[in-house]
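S.K.: 3D, please:
(one chain, ligands or ions: 2)
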Amino acid sequence: MADTVLGVRNLKVAFPCPGGVIRAVEGIDLDIHRGECAALVGESGCGKSVSAQAIMKLLNTPPAVCRVDKLWLDDLDLTHLPDRQMERIRGKHMAMIFQDAMTALNPVLTVGKQIDEIYLRHSRLSRREARQRTIEALELVEVPEARSRANSYPHQLSGGMRQRVLIALAFACVPKLIIADEPTTALDVTIQAQVLDVLKNMQLVHRVSALLITHDLSVVANMADTVYVMYAGKIVERAAMQELFLEPLHPYTHGLLASVPRISDERQPFVQIPDAVPHPMRKPAGCYFHPRCPRSNDPCRQRMPRLEGPDDGRAVRCWHPLRQPHEVRS
Ligand SMILES: Nc1ncnc2c1ncn2[C@@H]1O[C@H](COP(=O)(O)OP(=O)(O)OP(=O)(O)O)[C@@H](O)[C@H]1O
Ligand SMILES: [Mg+2]
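M.R.: Ligands and ions are numbered 1, 2, ... in the order given. From the prediction side, this is the model:
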């Protein structure tokens, strides 16, 4: 599709292990449009990070085995792109923000120097001009006293400040796509909200497409336009963010939403989804969610449902969704 900045078709990632094969990602499709923020949401171990690393081609192969029918970034076909060329694409067109800024930043260089390097690599600026751009970038992510903070080493900054530096780094070369994997999970709740605001603001200012990865639906509420819900390696629901919150179709999404505590919740008391995500080497037959699902019956135990719905609209992978996608107003 013309407006698709990131397109992924049938991405699969497996890890052969001594006792069998871990099928971490089982054929996911994504379409992220220009300026759109899509979220990939699901419980721990469902394959979110592995999907992101496979898209960036950051997985070591072996041990990982990756397959994708089609992978493209704007007008660049990345499906069969060799690693060397992929390195250039990663530096210039795709950037990643990780959960742990301390490991993502170089501990022996000042944060200013690390951002300068990006400007120097991607444009013909002098050192002085690059530093000026760095200071402006730090101001944009609301680092106070940016000029002097640029001379700090990562360990001299708080966790929230380091995460802002990572955001500044990621946006420095104005990439086409930002992938943020649990960008605020390691932070206090109040700092989390501030950093998310900064991230959203940067995404809007630069009109960069983003893939936000989180297990926390409350993070998605203020950030994402579209939500992909993932379970045990498969996308089980896709919806515009507001639609998902108003009317989840998959019982798993319904369970995830019910387990987000809210102050003014007239609908449901706080509920937990029973049991846990299946062990990756022992996924059940049929729909992977059926052992935990209140709506499951025989077909659910026997056959995996397809992701049903229009190509670019609401979709759900369930034999007994709360409603069919075509019945839902959009
Ligand atoms: N190098 C590896 N070798 C074997 N299995 C792996 C490897 N990396 C990931 N996995 C497995 O792949 C599955 C998906 O892992 P992934 O890290 O993508 O989960 P996640 O959804 O990001 O979870 P979390 O919310 O905890 O970050 C898990 O079962 C994990 O154990
Ligand atoms: Mg992860």
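
S.K.: elements contacting the helix or strand hosting Arg23?
M.R.: Assigned by DSSP states H and E, Arg23 belongs to strand 20-33. Contacts defined by 3 or more Cβ pairs under 8 Å, 6 or more residues apart in numbering; DSSP states H and E place strand 20-33 against strand 4-17, strand 37-41, helix 48-55, strand 209-214, strand 226-231, strand 234-240. The way it works is simple: take the backbone N, C-alpha and C, and place the C-beta from them, glycine included.

S.K.: and the shortest one, is it in reach of ligand 1?
M.R.: No: no part of strand 37-41 sits close enough to ligand 1 to count as contact by Cβ under 6 Å from any ligand atom; the gap is at least 8.3 Å.

S.K.: Could you do the longest one as well?
M.R.: Yes: with Cβ under 6 Å from any ligand atom as the threshold, strand 4-17 lies in contact with ligand 1, specifically through Phe15.

S.K.: what do you get for the fifth one?
M.R.: No: for strand 226-231, no contact with ligand 1 is found by Cβ under 6 Å from any ligand atom; the gap never falls below 7.0 Å.

S.K.: For the residue in the stretch 51-200 of the chain that ligand 1 sits nearest to, grab phi and psi.
M.R.: Here the stretch 51-200 of the chain gets closest to ligand 1 at one residue, Pro63, 5.6 Å apart by Cβ to the nearest ligand atom. Main-chain dihedrals, Pro63, degrees, to the nearest 10: phi -80, psi -30.

S.K.: who touches the residue lying closest to Arg147 once chain neighbours are set aside in this structure?
M.R.: Once flanking residues are discounted, Arg147 sits nearest to Ile135: 5.3 Å by Cβ to Cβ, 6 or more residues apart in numbering. For Ile135, the contact set (Cβ atoms under 8 Å, 6 or more residues apart in numbering) comprises 112, 146-147, 150.

S.K.: helix/strand/coil for Ile135?
M.R.: Secondary structure for Ile135, judged by DSSP: H, G, I helix; E, B strand; the rest coil, is helix.

S.K.: so where do the strands sit in this protein?
M.R.: Applying DSSP state E to the chain gives strands spanning 4-17, 20-33, 37-41, 65-67, 70-73, 76-77, 94-97, 177-181, 209-214, 226-231, 234-240, 315-316.

S.K.: Not counting its own residues, what contacts the second one?
M.R.: Read it as strand 20-33. Applying Cβ under 8 Å, 6+ apart, the set of residues contacting strand 20-33 is 1, 3-16, 38, 40, 47, 50-51, 54, 177, 209-211, 226, 228, 230, 232-235, 280-281, 283, 307, 312.

S.K.: Show me what from this structure comes close to ligand 1.
M.R.: Counting by Cβ under 6 Å from any ligand atom, the chain sits next to ligand 1 at 15, 22, 24, 42, 44-50, 63, 215, 280.

S.K.: Drop anything exposed from these.
M.R.: By neighbour count, with 16 or more other Cβ atoms under 10 Å, the residues of the chain next to ligand 1 hold 15, 22, 24, 42, 45-50, 215, 280 as buried.

S.K.: can you tell me which of those residues lies nearest to His155?
M.R.: Ser49 (25.0 Å; Cβ to Cβ).

S.K.: what residues are up against the closest one?
M.R.: Neighbours of Ser49 in contact, by Cβ under 8 Å, 6+ apart: 181, 213.

S.K.: let's see it at 10 Å
M.R.: Contacts for Ser49 (Cβ atoms under 10 Å, 6 or more residues apart in numbering) come out as 24, 40, 58-59, 98-99, 179, 181-182, 213.

S.K.: Using TSV, lay out the residues you listed together with pLDDT.
M.R.: Formatted as TSV, these follow (pLDDT from 0 to 100):
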residue	pLDDT
Ala24	95
Leu40	96
Leu58	89
Leu59	90
Phe98	82
Gln99	77
Ile179	94
Asp181	91
Glu182	88
Ile213	94
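
S.K.: Just the closest of the residues you listed to Arg301, please.
M.R.: Ala24 (23.1 Å).

S.K.: burial count for Glu26?
M.R.: Counted with other Cβ atoms under 10 Å, the neighbours of Glu26 add up to 19.

S.K.: The helices and strands packed on strand 20-33 into JSON lines, with extra columns for distance to Ile273?
M.R.: Output for these, formatted as JSON lines (distance: least, Cβ to Cβ, whole Å):
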{"stretch": "strand 4-17", "distance to Ile273": "24"}
{"stretch": "strand 37-41", "distance to Ile273": "13"}
{"stretch": "helix 48-55", "distance to Ile273": "17"}
{"stretch": "strand 209-214", "distance to Ile273": "17"}
{"stretch": "strand 226-231", "distance to Ile273": "10"}
{"stretch": "strand 234-240", "distance to Ile273": "13"}
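
S.K.: mind checking which of the ones you listed is nearest Phe171?
M.R.: Of all the helices and strands packed on strand 20-33, strand 209-214 comes closest under Cβ to Cβ, at 10.4 Å.

S.K.: Name the nearest residue to whichever residue of the stretch 151-300 of the chain sits closest to ligand 1, sequence neighbours excluded.
M.R.: Among the residues of the stretch 151-300 of the chain, Pro280 lies closest to ligand 1, at 3.6 Å counting by Cβ to the nearest ligand atom. Once flanking residues are discounted, Pro280 sits nearest to Ile22: 4.3 Å by Cβ to Cβ, 6+ apart.
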